[in-house]
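Need coordinates for the below:
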Amino acid sequence: MPDLPAPAIAPGHVFFFGLGYTALRLARRMRDSGWAVSGTVRSRDKAQALSEAEGMTVHAFDGTAPIAAADPFAGVTHLVDTVPPREILVPALERHAEDLRSCATLRWVGYLSTPAVYGDRQGDVVTEDEAPTPGSRRGELRAAAERAWLDAFPGSDIAVQVFRVAGIYGPGEGRNAIEQLQSGKARIIDKPGQVFNRIHVDDIGSILLASMARPRDGGIYNVADTEACPPADPIVFAAGLLGIDPPTPIPFDSAELSEMARSFYSECKRLDTARLTDELGVELTYPTYREGLRAIALEAGVSSCRQFRSTENRIRS
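Residues are numbered from 1 along each chain as shown. The predicted structure follows:
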């Protein structure tokens, strides 16, 4: 992992509902900075394996029943919820609302939501002050989950923040255009006029840490890079780093897409991110996909390729 800004906050105990790709990367970063870390995954076997591998306290929790541990939130100061609405809108609140309200040490909660709550804005810029106008069931559920968290602790000193996270990419697990090209899974879906923002997984972590240091109850933040662009651009750029040709574009109307992916392409917006800088003081490590993909390429050793060096020289010139 590259050197990243140190959290400007004294270590406490952070609990993650949903130790998936994004949360686990931040959890490791916080653990290495002296935080106590605990959280959940959906299965007992995965919980045990992750506990042993990472030195964290990991519980099995799929939302159908409370966490089995007697007091899973003992000493917890910060909580991050990454679990999307499924059969239950907010499993953490459905099973543990009273436990969390009675947790004397809890002072900060962050819920990771999605820009789908804004619906389609036909390419316009959208700020956090604009009311959600979801155009999909996914967006409707996310907006309702946001509201549930924002209303969860009336009259308390707990600060709840909502983070509307753009398309996540980063190293590993096929989560970036370089690995997708190398595995033959990269596709360019051609829909004229379509743009969207992205965000590097480590910048998400930096934003959450900045909010922990500067909590504001009810704060809502667009978590995105500074350049909304067509879906093809990062793939073409990554292909240049690898010295290969990008895949042939597939017209949107004939592309085989999942229901979620088709819903994603049905909306077009540009996210305003001024609040990240003005309020949280965040300077993104990867302000566009270019910086992010270069870092991923370097970490993966692509810089040893002649094509990568020549591409970098063209970029700098």
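
And stretch 41-52, what's buried?
Counting neighbours by 16 or more other CB atoms under 10 Å, one finds that the buried residues in stretch 41-52 are 41, 47, 50-51. No exception for glycine: its C-beta is placed from N, CA and C like everyone else's.

ugh, wrong one, I meant stretch 205-215
Using 16+ other CB under 10 Å as the burial criterion, the residues of stretch 205-215 that qualify are 205-212, 214-215.

can you pull the buried residues of the helix or strand encompassing Pro234?
Assigned by DSSP states H and E, Pro234 belongs to helix 232-242. Applying a neighbour-count criterion of 16+ other CB under 10 Å, one finds 232-235, 237-242 buried in helix 232-242.

And that helix, how far out from the chain middle?
Distance of helix 232-242 from its chain centroid, counting by CA atoms, centre = their mean, to the nearest Å, is 22 Å.

now for the next helix or strand after that helix, which elements pack on it?
With elements assigned by DSSP H and E, the helix or strand that comes after helix 232-242 is strand 250-251. For strand 250-251, the packing partners by 3 or more CB pairs under 8 Å, 6 or more residues apart in numbering; DSSP states H and E come out as strand 189-190.

hmm, back to that, any chance you could list what contacts the helix holding Pro234?
Helix 232-242 is contacted by residues 169, 176-178, 180-182, 186-188, 190, 198, 245-247, 249, 289-290, 293-294, 297, 302, 305, 307-308, 311-312 when judged by CB atoms under 8 Å, 6 or more residues apart in numbering.

distance between the ends of stretch 172-189?
The distance separating the two terminal residues of stretch 172-189, taken as CA to CA, to the nearest Å, comes to 22 Å.

Give the closest residue to Arg175 in space, chain neighbours not counted.
Nearest residue to Arg175, sequence neighbours excluded (CB to CB, 6 or more residues apart in numbering): Tyr169, at 5.4 Å.

go on, His13?
The shortest distance from His13 to any residue that is not its chain neighbour, by CB to CB, 6+ apart, is 4.0 Å, and that residue is Ala36.

backbone phi and psi for the one you found, please?
Dihedral angles phi and psi of Ala36 (degrees, to the nearest 10) take the values phi -80, psi 140.

Can you give me the distance of it to Leu112?
Distance from Ala36 to Leu112, counting by CB to CB, to the nearest Å: 21 Å.

before we move on, back to that, filter the contacts of helix 232-242 to the buried ones?
Applying 16+ other CB under 10 Å to the contacts of helix 232-242, the neighbour count classes 169, 176-178, 180-182, 186-188, 190, 198, 246-247, 249, 289-290, 293-294, 297, 302, 308, 311-312 as buried.

Hmm, His96 is touching Gly63, no?
No. Taking contact to mean CB atoms under 8 Å, the distance of 10.3 Å between His96 and Gly63 leaves them out of contact.

Give me the neighbour count for Gly124.
Actually, residue 124 is Asp rather than Gly. The criterion is other CB atoms under 10 Å. On that basis, Asp124 has 11 neighbouring residues.

Check Phe61 too.
For Phe61, the tally of surrounding residues (other CB under 10 Å) stands at 26.

helix or strand for the residue lying closest to it once chain neighbours are set aside, which one?
For Phe61, ignoring the flanking residues on the chain, the nearest one in space by CB to CB, 6+ apart is Thr40 at 3.9 Å. Element membership of Thr40, judged by DSSP H and E, is strand 36-41.

What lies in contact with stretch 214-221?
Stretch 214-221 has contacts (CB under 8 Å, 6+ apart) with 107-108, 128, 146, 150, 158-164, 207, 211, 275-276, 279-281.
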